[in-house]
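Enquirer: sequence unknown, structure follows:
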């Protein structure tokens, strides 16, 4: 099933959100299955990146400016051959959802229950919103 996931872009030159195409397995019926499928796909992508071996690493001027707007300029390279554990990543993501650390929107409707049937169709847009706690004191 082809769906789109809204991704936040970094840098000021690009739009704040862009849609990325994801291909998910058929038969996803609940939010739990959706989160598991997306997390496993992301872990596979991360694990397949591998370690780069550039003889002379460099960044273009545009890349430096773009990364400087975010606050960190780097080569984006992996310096470790350690891989992520898909089962642990799924467990952590589900725990994060249960703890209220992120929300999931299907089209513009919030999916709030992990095991309630979910209505996802070909071409739908999903949005994962990470919630951030504000620091400070209440008087």
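Expert: Alright, I've got the coordinates. Bear in mind that the values here come from a model prediction, so they are computed numbers and not experimental data.

Enquirer: which one's the longest helix in this protein?
Expert: Scanning the chain for the helix with the most residues, using DSSP state H, yields helix 31-49.

Enquirer: Averaged pLDDT, the helix or strand following that helix. What do you get?
Expert: Remark: after helix 31-49, the chain's next helix or strand is helix 61-70, criterion DSSP states H and E. Across helix 61-70, pLDDT averages out at 81.

Enquirer: List the buried residues for helix 61-70?
Expert: Buried residues in helix 61-70, counted by 16 or more other Cβ atoms under 10 Å: 66, 67. Using the backbone N, CA and C atoms, a C-beta is placed for each residue, glycine as well.

Enquirer: Distance from the chain centre to that helix, please.
Expert: For helix 61-70, the distance from its own C-alpha centre to the chain's C-alpha centre is 21 Å (Cα atoms, centre = their mean, to the nearest Å).

Enquirer: How about stretch 121-135?
Expert: The gap between where stretch 121-135 is centred and where its chain is centred comes out at 9 Å by Cα atoms, centre = their mean.
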